[in-house]
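J.: quick check, what structure comes out for this input:
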Amino acid sequence: MAAPHTDRAAARSFARSLGTELFETAPAAGLYLWLDTDGLALCRAGRPPMCMRADFTRGAQGYRNARPGQRREAIARACGIRGDHCPWIVDATAGLGRDAFVLATAGASVTLLERSAVVHALLVDGLQRATAGGAADRTARMDPHHADAVEWLAQDFRDNPPAVVYLDPMYSGQRRAAAGKELALLQALSMPATDESALLRQARATALDRVVVKRHRHARPLADQPPDYHLPGRSTRFDVYRTRTD
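T.: Take a look at the predicted model:
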């Protein structure tokens, strides 16, 4: 991890928590974490380097979240947010938390699960900066966990299971350039592939009301399991699997 112009003790402690070394400058090749006054970023060496960070208040994400009407977004409608009804949602494939932030902005309490320690660190850093930057009312409704989703969802929830489990597995196909760069960096982390069948099966066994899966509009249903219905968009769709039996 490279950390110029930062608190050295804090940076050293942070690097130790991730099991990585601390350097003054970026390496000439490969992936590395970059920590500066703008926050934590995952980068791949090059000219220029390719970097990504979780940022909820600036750029395209900041513009999206500054607009009114998050409850009218397809993701909020798919997750059942309406009127005074703001269900507890588990985002089981949280990534950098963008969709979870939209759901929290719409009023839902969101538990975010991320199995990659590096991506989880990026997510936590982004939430901390968003809190300091004036979004504390939304980040207070977001609870990030470094956890395997299948294992976490299998715990005994007694009489209080999450109403909704939201899934956004990485998919291939045409994506916006920025999203393509981010996908390339995530794939470069070489994480083991998700068992989509096991993830969907556990999500359906856990969610009280529904499971919502984000898919490319032309992609097959997750694990080839047809949903009860879907909400289409221009480039993505939201497949909804109802789990309530009453």
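J.: next structured bit after the helix or strand bottoming out on mean pLDDT in the chain?
T.: For the chain, counting by mean pLDDT, DSSP states H and E, helix 59-66 ranks last in confidence among helices and strands (a mean of 58). Counting by DSSP states H and E, the element after helix 59-66 in chain order, helix or strand, is helix 74-78.
J.: who's in contact with that following helix?
T.: If you take C-beta atoms under 8 Å, 6 or more residues apart in numbering as the criterion, helix 74-78 is touched by 70-71, 99, 102-103, 106, 108, 166, 212, 214, 231, 233, 238, 240. Every C-beta, even on glycine, is put in place using the N, C-alpha and C of the backbone.
J.: which among those end up buried?
T.: 70-71, 99, 102-103, 106, 108, 166, 212, 214, 231, 238, 240 (16 or more other C-beta atoms under 10 Å).
J.: restricted to strands, list the contacts of helix 74-78.
T.: Cross-referencing the contacts of helix 74-78 against strands under DSSP state E gives 166, 212, 214, 231, 238, 240.
J.: can you redo those residues as a markdown table with distance to Leu183 and pLDDT?
T.: Shown next, in a markdown table, are these (distance: C-beta to C-beta, whole Å; pLDDT from 0 to 100):
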| residue | distance to Leu183 | pLDDT |
| --- | --- | --- |
| Tyr166 | 19 | 98 |
| Val212 | 21 | 98 |
| Lys214 | 14 | 95 |
| Leu231 | 23 | 95 |
| Phe238 | 19 | 96 |
| Val240 | 24 | 98 |
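J.: which members of those are the farthest-apart pair?
T.: With C-beta to C-beta as the measure, no two of those lie farther apart than Tyr166 and Leu231, at 13.0 Å.
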